[in-house]
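*Asks:* Build the 3D model from these lines:
(one chain, ligands or ions: 1)
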Amino acid sequence: MTNLILAALAGLPLYAVFCLARPTKACRRCGGWGSKPGRRSRSARRHCRRCDGTGQRFRVPARVVYRVRGAWRRHAWLTARAAERAAGGPGEREQVPQ
Ligand SMILES: [Zn+2]
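*Replies:* Next up, the predicted model:
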């Protein structure tokens, strides 16, 4: 059991690097085709909604990284805006009557 945990701990960074190198994988619903056959045998192929027709799905760690990076950027932008407002930004200075 301990060996299993150690193997998982050793494999986790490798998996993270692998996800950074190849963040997408073929959609399992449509097998990377972007569309799937209709219900009846001779009906038209249908647009795959799971991958939105791209045939690619982002791996779970890649999605988490993307979400965290977006949150960081929003936070940095809001912090910068608040600091600018506190310091009296260039936009406010123009409105001050002389
Ligand atoms: Zn798909």
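*Asks:* wouldn't residue 61 be in contact with residue 14 here?
*Replies:* No - assessed by CB atoms under 8 Å, residue 61 is found out of contact with residue 14, at 11.9 Å. C-beta here means a position set from N, CA and C on the backbone, and glycine is covered the same way.
*Asks:* Between the two, point out the one with more neighbours.
*Replies:* Neighbours per residue (other CB atoms under 10 Å) separate residue 61 from residue 14, with residue 61 holding more: 15 against 9.
*Asks:* Make sure the more buried one is indeed in a helix.
*Replies:* Yes - Residue 61 forms part of a helix when assessed by DSSP: H, G, I helix; E, B strand; the rest coil.
*Asks:* Leaving out the residues flanking it, which one is nearest to it?
*Replies:* residue 19 (4.4 Å; CB to CB, 6 or more residues apart in numbering).
*Asks:* Close to the ion: what parts of the chain are there?
*Replies:* 27, 29, 30, 48, 50, 51 (CB under 5 Å from the ion).
*Asks:* for the chain, what spans make up the strands?
*Replies:* 24-26, 35-36, 46-47, 56-58 (DSSP state E).
*Asks:* nearest to residue 67, of the ones you listed?
*Replies:* strand 56-58 (10.5 Å; CB to CB).
*Asks:* Sketch out the helices for the chain, chain order is fine.
*Replies:* Assigned helices in the chain, in chain order: 2-21, 60-87, 90-95 (criterion: DSSP state H).
*Asks:* hey, least reliable of those by pLDDT?
*Replies:* The weakest mean pLDDT among the helices of the chain belongs to helix 90-95, with a mean of 60.
*Asks:* Stretch 23-35: which residues count as buried?
*Replies:* Applying a neighbour-count criterion of 16 or more other CB atoms under 10 Å, the buried positions in stretch 23-35 are 23, 27, 30, 32, 34.
*Asks:* Next: stretch 7-20.
*Replies:* Buried-residue list, stretch 7-20, by 16+ other CB under 10 Å: residue 19.
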